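Q: Structure for the following, please:
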Amino acid sequence: MASTSRLDALPRVTCPNHPDAILVEDYRAGDMICPECGLVVGDRVIDVGSEWRTFSNDKATKDPSRVGDSQNPLLSDGDLSTMIGKGTGAASFDEFGNSKYQNRRTMSNSDRAMMNAFKEITTMADRINLPRNIVDRTNNLFKQVYEQKSLKGRANDAIASACLYIACRQEGVPRTFKEICAVSRISKKEIGRCFKLILKALETSLEGAPYLWRRQPFTWPRRHQPRRGPRKKSGI
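A: Numbers count the residues shown, from 1 in each chain. Below is the predicted model:
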């Protein structure tokens, strides 16, 4: 009741010529206009809605993102890192005239490596029209392998490709090594090596994980083959 009476006490903006008319708000100009006579009753009205624009230093393309990327729980800081834009003062440039802090992001090396791998995984999945659940499973597999450091010395792109192959098998939509190789820059031989190493590492360290190893192995459907020779007649 208190909030209602407080709202009733606020002055109501109306048209002096048509007090019962419902005013129309022009959000672009910030005006309130009477629909009957076109009189601008109020100007410079503040729009309290969401601002769906961002301003990029490097690209002039349209970006409808309002608050940036969503939080990624697989990263240590949830990808809530800080982006330092390009400065304009003299202190922002070195002695050669190059920008010191152009798009420098305060992110750890491990998060940066995983972010690059996640982008590569998403790109590969999009090329062969894989759903989002496979991308999420692949990201989780890559994070587990990366944190264990069991494949140290192998390229992250090769590990990501092998994780994508495993995720497809686990989700029941298997892809061949040749298909994964076609959407990545890694050879089929290297993907196969990483695949075997990942299976060995995760099977040792993740025993009993129901979503990884308690699934039934995928079996290819049997194809109908023509029967050779005359069909035997059953005796009566």
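Q: Could you give the number of residues near Asp157?
A: As a burial measure, Asp157 scores 19 neighbours (other C-beta atoms under 10 Å). Just so you know, the C-beta spots here come from the backbone N, C-alpha and C atoms, and that holds for glycine as well.
Q: just the one 4 residues further on next, same as before
A: Residues lying near Ser161 (other C-beta under 10 Å) number 28.
Q: Which parts of the helix or strand that it is a member of count as buried, going by neighbours?
A: Secondary structure assignment for Ser161, by DSSP states H and E: helix 156-170. If you call a residue buried by 16 or more other C-beta atoms under 10 Å, then helix 156-170 has these buried ones: 156-168, 170.
Q: Report the buried residues of stretch 190-205.
A: 190-192, 194-195, 197-198, 201-202.
Q: Ok, stretch 134-141 next?
A: Of the residues in stretch 134-141, those buried by neighbour count under the rule 16+ other C-beta under 10 Å are 134-135, 137-139, 141.
Q: Pick the one among the buried residues of helix 156-170 closest to Ala125.
A: The shortest distance between Ala125 and any of the buried residues of helix 156-170, using C-beta to C-beta, involves Leu164 and amounts to 6.8 Å.
Q: so what's the closest one up against?
A: For Leu164, the contacting residues are 121, 124-125, 130, 134, 138, 175, 180, by C-beta atoms under 8 Å, 6 or more residues apart in numbering.
Q: Can I get those in CSV including secondary structure and distance to Val40?
A: What follows is the contacts of Leu164, written out as CSV (DSSP: H, G, I helix; E, B strand; the rest coil; distance: C-beta to C-beta, whole Å):
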residue, secondary structure, distance to Val40
Ile121, helix, 54
Met124, helix, 55
Ala125, helix, 53
Leu130, coil, 54
Ile134, helix, 55
Thr138, helix, 56
Arg175, coil, 62
Ile180, helix, 62
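Q: Between those, identify the one with the most neighbours.
A: Neighbours were tallied for each of the contacts of Leu164 (criterion: other C-beta under 10 Å), and the maximum of 28 neighbours falls on Thr138.
Q: And it, how far from Cys181?
A: With distances taken as C-beta to C-beta, to the nearest Å, Thr138 is found 16 Å from Cys181.
Q: Out of the buried residues of stretch 134-141, flag the one nearest to Pro16.
A: In terms of C-beta to C-beta, no member of the buried residues of stretch 134-141 lies closer to Pro16 than Val135, at 59.7 Å.
Q: pretty sure that closest one belongs to a helix, no?
A: Yes - Val135: assigned to a helix according to DSSP: H, G, I helix; E, B strand; the rest coil.
Q: Surely it is in contact with Thr123?
A: No - Val135 sits out of contact with Thr123 when judged by C-beta atoms under 8 Å, with a separation of 10.1 Å.
Q: any low-confidence regions in the chain?
A: 1-11, 27-30, 43-107, 204-236 (pLDDT under 70).
Q: ok, which stretches of it are helices?
A: In chain order, the chain shows helices spanning 2-9, 109-127, 132-148, 156-170, 177-182, 188-205, 210-213, with DSSP state H as the criterion.
Q: Give me the neighbour count for Ile33.
A: Residues contacting Ile33 under the criterion other C-beta under 10 Å number 19.
Q: Bridged to it, which residues?
A: Residues found in beta-bridge contact with Ile33 (criterion: DSSP bridges) are Val24, Val40.
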